[in-house]
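S.K.: Mind folding the following:
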Amino acid sequence: MAMRVLVIEDEQKMADLIKRGLEEEGMEVDTAYDGDTGSQAAKSGGHDLIVLDLGLPGRDGLDIARDLRSEGIKTPILILTAQDSTEMKVKGLDSGADDYLTKPFAFTELVARIRALLRRTQPEDTTRIQTGDLYLNLINRRASRAGIEVQLTGKEFALLEYFMRHPDEILSREVLSEKVWEETFDTLTNVIDVYINYLRNKIDRQFEPKLIHTIRGVGYMFKTPTVDSSIIVESKAS
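M.R.: Numbers count the residues shown, from 1 in each chain. All right, here's what the predicted structure looks like:
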């Protein structure tokens, strides 16, 4: 499941830029352009992290952070602001924020800080998916098989994640287009097939056993590899 981020930023162009960038990193992003709307969204729950500006119309960022903490809401808060004085940084962190980044900023640093906060706050079992020797890290959006890192695009990662969450199920092209692309492709399009081929080239071609299988006339199946009992080694009590 993708991490969901709330961006509370009154400069709409800036907020939308952050939204697009984080979505390209595989995150789901909601935006609010004033303090009152942002505070309500933050209290509604369902977010894994909040990116919070300080100088907001309506309620300011410090007030929002203090209010969330006073109500027991522990969602990580990353303050993102042009106010770069040491005094303001101290106030921001004392208000309950977990990190503080000043504008202008490098987007790569923002992403790195968000991932660091998510790593500290998400249980380990919700950050990784494993099938056999294939691993997906849902925080840094990385994949590896047999210890070898596999470079995936955002859509390839989303497709593989859906496969791994639905092992041994026959998945039609219609289901994949709806769940991964969130739209319905014309039945004649080969977009699904093209991406399946991309994935096979990256996670199956050089490895055994093969994981992605074509079910002719129906769709595809991601098969859970069977374990050869002859290679299981049990430790003995010493």
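
S.K.: Chain neighbours aside, what residue packs nearest to residue 143?
M.R.: Distance criterion C-beta to C-beta, 6 or more residues apart in numbering; nearest residue to residue 143, sequence neighbours excluded, is residue 150 at 4.5 Å. All C-beta atoms are positioned from the backbone trio N, CA, C, and that covers glycine.

S.K.: check contacts around the one you found.
M.R.: Going by C-beta atoms under 8 Å, 6 or more residues apart in numbering, residue 150 touches 143, 144, 202, 203.

S.K.: Could you check how far it is from residue 140?
M.R.: Note on residue 150: its distance to residue 140, by C-beta to C-beta, to the nearest Å, is 13 Å.

S.K.: Over to residue 180?
M.R.: Taken as C-beta to C-beta, the span from residue 180 to residue 140 is 20 Å.

S.K.: Between those two, tell me which one has more neighbours.
M.R.: residue 180 (19 against 14; other C-beta atoms under 10 Å).

S.K.: In this structure, what helix or strand scores lowest on average pLDDT?
M.R.: strand 128-131 (a mean of 86; mean pLDDT, DSSP states H and E).

S.K.: per-domain residue ranges of this structure.
M.R.: Domains of the chain are assigned by automatic domain parsing as 4-121, 127-222.

S.K.: any idea which of these is most buried?
M.R.: Most buried of the domains of the chain by mean neighbour count (mean count of other C-beta atoms under 10 Å) is domain 4-121; its value is a mean of 17.

S.K.: I'd like the average pLDDT over the longest helix along the chain.
M.R.: For the chain, the longest helix by residue count, based on DSSP state H, is helix 107-121. Here helix 107-121 scores 88 as its mean pLDDT.

S.K.: With stretch 17-24 instead?
M.R.: For stretch 17-24, the mean per-residue pLDDT is 92.

S.K.: Please export the C-alpha coordinates of that stretch as PDB.
M.R.: These are the backbone C-alpha positions of stretch 17-24, laid out as PDB (Å, rounded to 0.1, in the frame of the first residue of the first chain):
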ATOM      1  CA  LEU A  17       4.700  20.800  -7.400                       C
ATOM      2  CA  ILE A  18       5.400  18.800  -4.200                       C
ATOM      3  CA  LYS A  19       2.300  16.700  -4.900                       C
ATOM      4  CA  ARG A  20       3.400  15.700  -8.400                       C
ATOM      5  CA  GLY A  21       7.000  15.000  -7.300                       C
ATOM      6  CA  LEU A  22       5.900  12.700  -4.400                       C
ATOM      7  CA  GLU A  23       3.300  10.900  -6.600                       C
ATOM      8  CA  GLU A  24       6.200  10.100  -9.000                       C
END
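
S.K.: Hmm, residue 31 is touching residue 5, no?
M.R.: No. Applying C-beta atoms under 8 Å, one finds residue 31 not in contact with residue 5, separated by 9.5 Å.

S.K.: pLDDT weak spots in the chain?
M.R.: 1-2, 122-126, 184-189, 226-238 (pLDDT under 70).

S.K.: One more pass at 80, please.
M.R.: For the chain, the stretches with pLDDT under 80 are 1-2, 119, 121-127, 182-189, 225-238.

S.K.: still on that earlier bit, with secondary structure as added columns, please give the contacts of residue 150 in JSON lines.
M.R.: Shown next, in JSON lines, are the contacts of residue 150 (DSSP: H, G, I helix; E, B strand; the rest coil):
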{"residue": "143", "secondary structure": "strand"}
{"residue": "144", "secondary structure": "strand"}
{"residue": "202", "secondary structure": "helix"}
{"residue": "203", "secondary structure": "helix"}
